[in-house]
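Trainee: prediction below, plus the sequence it came from.
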Amino acid sequence: MTLALTLFTLIAISLGAIFFLAGTVGLLRFPDTLTRLHALTKADNLGLGLIVLGLLPQVDWPVGGLKLIAVWLVVLLAGATVGQLMAKAARSDAWNGSTDLEPPR
Amino acid sequence: MDIADFLLAAAVFVLATVALGLTRILRGPSDVDRMMAAQLLGTGGVAALLLLGVATDMNAITDLALVLALLAAFASVALVADARRPEPEPVPDDAHPEGKTRT
Amino acid sequence: MSAALIVDLGLTLLILGLGVWTVAARSNNGAVVGYIAYGLLVALVWVRLAAVDVALTEAAIGSGLTGLLLLGVATRLPRSARLTRPPTGLGTRLLAGFLSAAVAGGLAAVVLLLPDPAPTLAPSVAANLPATGLGNPVTGVLIAFRAIDTLLESVVLVFAIIGVWSLAPKDGWGERPGWLRPAPLGSALTLLAQLLPPIGILVGIHLFWTGATAPGGAFQGGAVLAAMWVLAMIAGLARPPAVSRRWLRLMLVAGPALFLTVGIAGIWLAGAFLAYPVAYAKPLILVIEAALTLSIAAALGLLLAGPPEHPSAAERQP
C-alpha cells in the first residue's frame, strides 16, 4: 500500500513537472500572445494540480491535505479569471504589439 | 532514492523551467507577455514551495504558498487593471500645454 | 549536499540577472513586473535560509504591495517622464554605480569578516521567550524584546498615509481616494473579487492568529487583508472611503495608539516603558497584534488607493 502511494506520488509529480515544462516551452516558443496564454494556463491548472495530487498522500490529514487543496483551488480560480483579463487586454488594440517605449494606454 | 530527495529535485526542476520562462519578461514584446511570465513564476513558485514544504516537513511553508497564491492573483489583476483603466493625468504636463480642461 | 547547492547558485544567478534587468529596463511597467518577480525570488531565498517569517513578509509587502505601489506611480507619471530615459548625465550614473558597488562591497566585507561563531542574541531570546507566552521567537522579538522598533514602524505607516493624503489637490480634501477607480474588465473580475476576498480574509486572520506560535503576524496578515480590500475596490464592489470619515481615521491609529497606551501603562504596571506585566503578557500581545493587523490593513490599502480627489476629477480629464 505504501509502495503504491509512493509510486502514485512519483508519477503525479513527474507529470506535473512535465506540464510546467510544457507551459514554459509554450510561453517561449508560441508565436503570439493569445497562444502563449493558452500554454500558460496548462501549467497553472494541470501542472500545479498534478503536483498537489501527488503530494496529498505525503501530508497529514485533514489539515495538511485540505490546505494543499485550498492552495490549488485558489490558483485555479485566479488562473481562470486572470487568463480572461489578460486575453481581454491582449486583444485590445492599445495593447497588442505595444513595444517597450509605448506605455499601454 | 528517498522521497524527500525526489520532492526537492522536483522543486528544483519546476523552478528552473519557470525561471527559463522569465526570459519572456526580457523579450516581451507586450506587457501582457511580461505579466504571463510573472504569473507563471507565481504558480511555479507556489508549486516549488509546496514541494519544499512537504520535503522539509515545515508546515509554515504551505501557509507561505497560500499567501503567494492569493497575492499573485491580486497582483495580476492589479497589473491588468492599472494598465486598462481610463486614467486621468493628475499632473498637467507638457503633453497638454493648455493644462487641464477643468470645468 | 550538491542538489541544495545547485538551487542556491541558480537562485542567486537568477536574482542578479533579474535585478540587472529591472534596473536597465526601458519601460517603467516592465521594470515593475521585473521587480515583483525579483521579490518573489527573494522570498524563495528566505525560505532556503529557513526564515519563513521573513519570506512571508517579503512576498506580501516587499514584492506584492510595494510592486503595486510602484506600478501605480509609474502609470501616473506624466507622459513625458514615462517615455524618456531619466535625464541623468553619465557622471551621475557612474557615481550612483560606484556608490552601489561600495555598499555591496561593504556588506560583503562585513559578512566575510564576521567572527566565527557570529555574535548572536538567539540564546537569550530562547531563554526569555516563555515569559511572553509566545511560541514564535520572531513575534517575541517584534512585539516584546524589540517592541520599540515595531511601535515606530506602525507609526511610520500612519505618517506615510498623511504624506499621501497631503498630495490631495485643493478641492479634493476630505473626498474619496481616486487611484482605484473600477477598471472596465467585465464579469470575470467581478467573479474573482466576489470569491477571493472571503478566502483571503480567512487567511489574513489565520496569519495574525498563528503568528503567536508559527510564522505569521500582524504585518503579513494585514497585507493579505489589504490586498483583498483593494481587489474589491478595483472590481468596483467596494468604494474607497472618504478620507474625512472618523471610523477610517480611528482604524488607522487604533493599532499604534493601543500599542503606545499599553507601553506607557507598562511604566507603572511592569516597571518599564513597553514592558508587559508577566501574568497578562500573552493576552496583551494578542490584543495589540489584532489592533495592529487592522491598522496595517487599512494603511496599506489606503496607500494603494492614493490621495483623495474631487469626485468630478474623473470626468474633467481629456
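Mentor: Cool, got the structure. As the structure is a prediction and not an experimental result, all values here were calculated from the model.

Trainee: ranking helices and strands of chain B by mean pLDDT, which lands last?
Mentor: Every helix and strand in chain B was compared by mean pLDDT, DSSP states H and E; the lowest is helix B:23-27, with a mean of 75.

Trainee: all strands for the stretch 101-250 of chain C, in order.
Mentor: With DSSP state E, counting those that start in this stretch applied, the stretch 101-250 of chain C shows no strands anywhere along its length.

Trainee: chain A contacts on that one?
Mentor: By the rule C-beta under 8 Å from any C-beta of the partner chain, the part of the stretch 101-250 of chain C lying against chain A is C:185-186, C:188-189, C:191-192, C:195-196, C:199. C-beta: built from backbone N, CA, C; applies to glycine.

Trainee: so can I have TSV of those showing pLDDT, distance to A:A80 and neighbour count?
Mentor: Formatted as TSV, these follow (pLDDT from 0 to 100; distance: C-beta to C-beta, whole Å; neighbours: other C-beta atoms under 10 Å in any protein chain shown):
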residue	pLDDT	distance to A:A80	neighbour count
C:L185	72	14	23
C:G186	76	13	13
C:A188	81	8	18
C:L189	84	12	25
C:L191	87	9	15
C:L192	87	9	25
C:L195	89	10	15
C:L196	90	12	24
C:I199	91	15	19
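
Trainee: what's the most distant pair in those?
Mentor: For these, with distances taken as C-beta to C-beta, the pair at the greatest spread is C:G186 and C:I199 (21.4 Å).

Trainee: by mean pLDDT, flag the weakest helix or strand of chain C.
Mentor: Using mean pLDDT, DSSP H and E, the weakest-scoring helix or strand in chain C turns out to be helix C:79-83, at a mean of 56.

Trainee: one more: chain A?
Mentor: Across the helices and strands of chain A, the lowest-confidence element by mean pLDDT, DSSP H and E is helix A:33-42, at a mean of 80.

Trainee: what residues of that helix count as buried?
Mentor: Buried residues in helix A:33-42, defined by neighbour count with 16 or more other C-beta atoms under 10 Å in any protein chain shown: A:33, A:36-37, A:39-41.

Trainee: kindly report the same for stretch C:4-24.
Mentor: Along stretch C:4-24, these residues count as buried under the neighbour rule (16+ other C-beta under 10 Å): C:7, C:11, C:14-15, C:17-18, C:21-22.

Trainee: look up the closest residue to the most centrally placed residue in chain A, ignoring the ones flanking it.
Mentor: Central residue check for chain A by C-alpha atoms, centre = their mean: the C-alpha nearest the mean position is that of A:D44, 0.8 Å away. Leaving out its chain neighbours, the residue that sits closest to A:D44 by C-beta to C-beta, 6 or more residues apart in numbering or on different chains is A:G79, at 3.6 Å.

Trainee: in what helix or strand does the one you found lie?
Mentor: Counting by DSSP states H and E, the secondary-structure element that holds A:G79 is helix A:63-91.

Trainee: model confidence for the residue nearest to A:D44, exactly?
Mentor: If you check A:G79, the pLDDT there is 85.

Trainee: can you pull the contacts of it?
Mentor: Residues near A:G79 by C-beta atoms under 8 Å, 6 or more residues apart in numbering or on different chains: A:41, A:44-45, B:39, B:43.

Trainee: one more time with 10 Å, if that's ok
Mentor: With contacts defined as C-beta atoms under 10 Å, 6 or more residues apart in numbering or on different chains, the neighbours of A:G79 are A:40-45, A:48, B:39, B:42-43, B:69, B:72-73, B:76.

Trainee: same check, this time on C:V278
Mentor: Taking C-beta under 10 Å, 6+ apart as the criterion, C:V278 is in contact with C:131-133, C:270.

Trainee: now the two most distant members of the residues you listed.
Mentor: With distance counted by C-beta to C-beta, no two of these lie farther apart than C:G133 and C:A270, which are 14.1 Å apart.

Trainee: how close does the residue nearest the centre of chain C sit to C:G236?
Mentor: Nearest to the geometric centre of chain C sits C:I61, at 3.2 Å (C-alpha atoms, centre = their mean). When distance is defined by C-beta to C-beta, to the nearest Å, C:I61 is 25 Å away from C:G236.

Trainee: then C:P283?
Mentor: 40 Å.

Trainee: same question, C:I264
Mentor: 43 Å.

Trainee: so between those two, which is more surrounded?
Mentor: In terms of neighbours (other C-beta atoms under 10 Å in any protein chain shown), C:G236 is the more surrounded of C:I264 and C:G236; the figures are 16 against 12.

Trainee: okay but that one is in contact with C:L185, surely?
Mentor: Yes. Here C:G236 lies in contact with C:L185, judged by C-beta atoms under 10 Å, at a distance of 9.4 Å.

Trainee: between these two, which contacts overlap?
Mentor: Common neighbours of C:G236 and C:L185 (C-beta under 10 Å, 6+ apart) are C:A193.

Trainee: please spell out which residues along the helix holding A:G79 are buried.
Mentor: A:64-65, A:67-68, A:70-72, A:74-79, A:81-90.

Trainee: what are the buried residues along stretch C:164-181?
Mentor: C:164-165, C:168, C:172, C:175-181.

Trainee: roughly how far is that stretch from the heart of the chain?
Mentor: Taking the mean of its C-alpha atoms, stretch C:164-181 sits 22 Å from the chain's own mean (C-alpha atoms, centre = their mean, to the nearest Å).

Trainee: tell me how far the ends of that stretch are from each other?
Mentor: Counting by C-alpha to C-alpha, to the nearest Å, the length from the leading to the trailing residue of stretch C:164-181 is 17 Å.

Trainee: quick one: is it near chain B?
Mentor: Yes. Stretch C:164-181 comes into contact with chain B (C-beta under 10 Å from any C-beta of the partner chain), by way of C:167, C:169, C:171, C:178-181.

Trainee: low-scoring stretches of the chain, by residue?
Mentor: Because you didn't say which chain, this covers chain A. A:1, A:92-105 (pLDDT under 70).

Trainee: oops, chain C please
Mentor: Within chain C, the segments meeting pLDDT under 70 span C:1-3, C:78-88, C:313-318.

Trainee: which residue ranges form the helices in it?
Mentor: Counting by DSSP state H, the segments of chain C that form helices are C:2-24, C:28-48, C:52-57, C:66-76, C:79-83, C:90-113, C:122-132, C:137-139, C:147-165, C:187-210, C:218-234, C:246-269, C:281-305.

Trainee: before we move on, back to that, now the residue nearest to the centre of chain C: closest residue in space, sequence neighbours ignored.
Mentor: Nearest non-adjacent residue to C:I61, counting by C-beta to C-beta, 6+ apart: C:A223, 5.1 Å away.
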